[in-house]
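**Student:** Sequence first, then the predicted structure, then my questions.
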Amino acid sequence: MLRRPGPRPSSPRSAPTAPGGPKDPDSAELLATAASWRSFHARATAHLNIHRNTLSARLTCIQELLGLDLHRLADQAARALALPTTAADIPPPPEGDAAQAGKTLPTSDELLSLPRVGTWAQQQFRPVTAPDVLACIAETLATWLRLDARIDPTATALSISASAVRKRLTRSEALLERSLLRSPSAIHDQWLALRALELAAPAEVPRHRRPNPQSTMTLPAAG
């Protein structure tokens, strides 16, 4: 599990349930729920064969335990990174040294700053930053990821319509050969790649640049 900076919020104890009532989920159920939510989001109810209220309760429990807000794409991606991650290249702490163990666990930014992750991130964005691809495609994708994968705020930020955002994201999907609008894992991978690029080479990260009015040429009137 990744170490997140700052204190974690305390988790209130659940009230005892009556015999035969719903029981608190165990660690295996929470891990399965987190993995299913990563891959299927709302469709995790069908994947896990549970009621949507049960899914909601488990997600709330996960948020409280990890100190995450699963409505934020950054926290979703951090949780997705933590599930399959092992602390590679990090020596294990001495046995019984709990304080040292906490210091040894890397943050998500420390993992994303590894050179090989930077190389992976460049590969993830290479299809949308190729010379023959319009710059607005990568700019729209990056803006959409920064705004928690929300269409309307992205449209407002770029001063374009929501349908234009969807068209550009559809074009990104074709170039990346991944479904961004329907696959949470693809969104998480792309967000992690964007964050890795921001940490390694901020100047190379696609950003929306508003035109400079002073640089706009005014054509003389006809006649």
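**Tutor:** On my side now, so go ahead. Numbers count the residues shown, from 1 in each chain.
**Student:** from here on, contacts and neighbour counts on C-alpha atoms
**Tutor:** Will do.
**Student:** Next, the buried residues of stretch 109-124.
**Tutor:** For stretch 109-124, a neighbour-count test (16 or more other Cα atoms under 10 Å) marks 111-113, 117-118, 121-122, 124 as buried.
**Student:** Which of these sits closest to residue 28?
**Tutor:** residue 111 (25.2 Å; Cα to Cα).
**Student:** if we can go back for a sec, mind checking which of the buried residues of stretch 109-124 land in helices?
**Tutor:** 111-112, 117-118, 121-122, 124 (DSSP state H).
**Student:** Now do stretch 169-189, average pLDDT.
**Tutor:** Averaged over stretch 169-189, pLDDT sits at 90.
**Student:** Compute the first-to-last residue distance for that stretch.
**Tutor:** 15 Å (Cα to Cα, to the nearest Å).
**Student:** what helix or strand is residue 40 on?
**Tutor:** helix 27-40 (DSSP states H and E).
**Student:** Mind listing residues that contact that helix?
**Tutor:** Under the contact criterion Cα atoms under 8 Å, 6 or more residues apart in numbering, helix 27-40 has outside partners 43-44, 47-48, 55, 58-59, 62, 76, 80, 83, 183-185.
**Student:** cool, stretch 141-160 as well?
**Tutor:** Taking Cα under 8 Å, 6+ apart as the rule, stretch 141-160 contacts 71-74, 140, 161-162, 164-166, 168-169, 172, 187, 190-191, 194, 206-208.
**Student:** out of the residues you listed, which are buried?
**Tutor:** 73-74, 140, 162, 165-166, 168-169, 172, 187, 190-191, 194, 206-207.
**Student:** What is the nearest of these to residue 132?
**Tutor:** Nearest to residue 132 among these, with distances taken as Cα to Cα, is residue 172, at 13.2 Å.
**Student:** give me the element that closest one is part of.
**Tutor:** helix 162-176.
**Student:** any idea which helix or strand comes after that helix?
**Tutor:** Using DSSP H and E, the next helix or strand after helix 162-176 towards the C-terminus is helix 184-200.
**Student:** Next one: residue 118 from residue 76, what distance?
**Tutor:** For residue 118, the distance to residue 76 equals 20 Å [Cα to Cα].
**Student:** Tell me the buried residues in the helix or strand hosting residue 156?
**Tutor:** Using DSSP H and E, the element containing residue 156 is helix 151-158. Neighbour counts over helix 151-158 (16+ other Cα under 10 Å) mark 151-152, 154-155, 158 as buried.
**Student:** By mean pLDDT, point me to the weakest helix or strand of the protein.
**Tutor:** Least confident helix or strand, the chain: helix 98-104 with a mean of 53, by mean pLDDT, DSSP states H and E.
**Student:** tell me the angle of the helix or strand containing residue 142 relative to helix 162-176?
**Tutor:** Residue 142 belongs to helix 135-146 when assigned by DSSP H and E. Relative orientation of helix 135-146 versus helix 162-176 (axes from the mean of the first three to the mean of the last three Cα atoms, to 10 degrees): 100 degrees.
**Student:** list the buried ones in helix 135-146?
**Tutor:** 136-146.
**Student:** tell me the mean pLDDT for it?
**Tutor:** 95.
**Student:** now, among the buried ones among the contacts of stretch 141-160, which is nearest to residue 67?
**Tutor:** Closest to residue 67, out of all of those and judged by Cα to Cα, is residue 74, at 12.6 Å.
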